[in-house]
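Asks: please work out how this folds:
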Amino acid sequence: MPRNIVGKGLRFSLRHAPCAHICRYCLISESRKRSTLPFARFEQLVHRFHDWRHTERPDLEIGVFVGPSYDYDIETLRGVARLRERRGAEFQMLNLGGLRIRRGEELAAWLQERRAAGIVGFHTSLAGCGETHDRWAAGAILTTS
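Replies: Got it, this is the predicted structure:
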C-alpha cells in the first residue's frame, strides 16, 4: 500500500565559499570546488520560494546554507543576511571555521567591513595546536601571504 509523503520543509544549499581546510571530521568540505551558480541568482531563487510559501504553503519551513565556510565577500554576506531576515532571524554572528588566514591591514579592513554590515561577534573552535591541529585539519590551511 502506498504511503503519502508530506513535505515539511525545503533546504537550499549553495557551495559558494570554499573551506580553507579539509578537516578529517567534516562531512561537507570534501572538495574546495564552488558552485557555478552565482550567489545573486541563488538568492533570487530562494526569495521566489519564500514568496510562494507565503501564499501557498505557510506551514513549510525554508532553510538555507551557503558555505561550506563563511568566507563570503561583502555582497554575499549582505545577501545571506537578507535571506535570514526572510525567516525572521538576524545574521550577526560569523563562524570563523574554514576561513583563510588574514593578517595586518587585510584583516583590519575585513573586520571593519563585517562590522559595518551588522556582524557583532564571531564564533570559532580550536582543534588543538601543532601536531594535534595538523592531524585534524590535515595541515591544509590557505593563507593570503
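Asks: for Arg82, see how far away Gln44 is.
Replies: Distance, Gln44 to Arg82, using C-beta to C-beta, to the nearest Å: 11 Å. Where C-beta positions appear, they are placed from N, C-alpha and C, glycine not excepted.
Asks: residue ranges in this protein under the pLDDT threshold?
Replies: Scanning the chain for pLDDT under 70 picks out the ranges 22, 24-32, 127-128, 132-145.
Asks: that one: helices as residue ranges?
Replies: Remark: helices assigned in the chain by DSSP state H are 39-56, 74-86, 104-116, 130-137.
Asks: most neighbours per residue, which of those helices?
Replies: helix 74-86 (a mean of 17; mean count of other C-beta atoms under 10 Å).
Asks: please save the CA atoms from that one in PDB.
Replies: Extracted in PDB, the C-alpha atoms of helix 74-86 (Å, rounded to 0.1, in the frame of the first residue of the first chain):
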ATOM      1  CA  ILE A  74      30.700  41.500   1.500                       C
ATOM      2  CA  GLU A  75      27.900  41.400  -1.100                       C
ATOM      3  CA  THR A  76      27.300  37.700  -0.300                       C
ATOM      4  CA  LEU A  77      27.300  38.400   3.400                       C
ATOM      5  CA  ARG A  78      24.600  41.100   2.900                       C
ATOM      6  CA  GLY A  79      22.600  38.600   0.800                       C
ATOM      7  CA  VAL A  80      22.800  35.900   3.400                       C
ATOM      8  CA  ALA A  81      21.600  38.500   6.000                       C
ATOM      9  CA  ARG A  82      18.600  39.300   3.700                       C
ATOM     10  CA  LEU A  83      17.800  35.600   3.400                       C
ATOM     11  CA  ARG A  84      17.900  35.200   7.200                       C
ATOM     12  CA  GLU A  85      15.600  38.200   7.600                       C
ATOM     13  CA  ARG A  86      13.000  36.400   5.400                       C
END
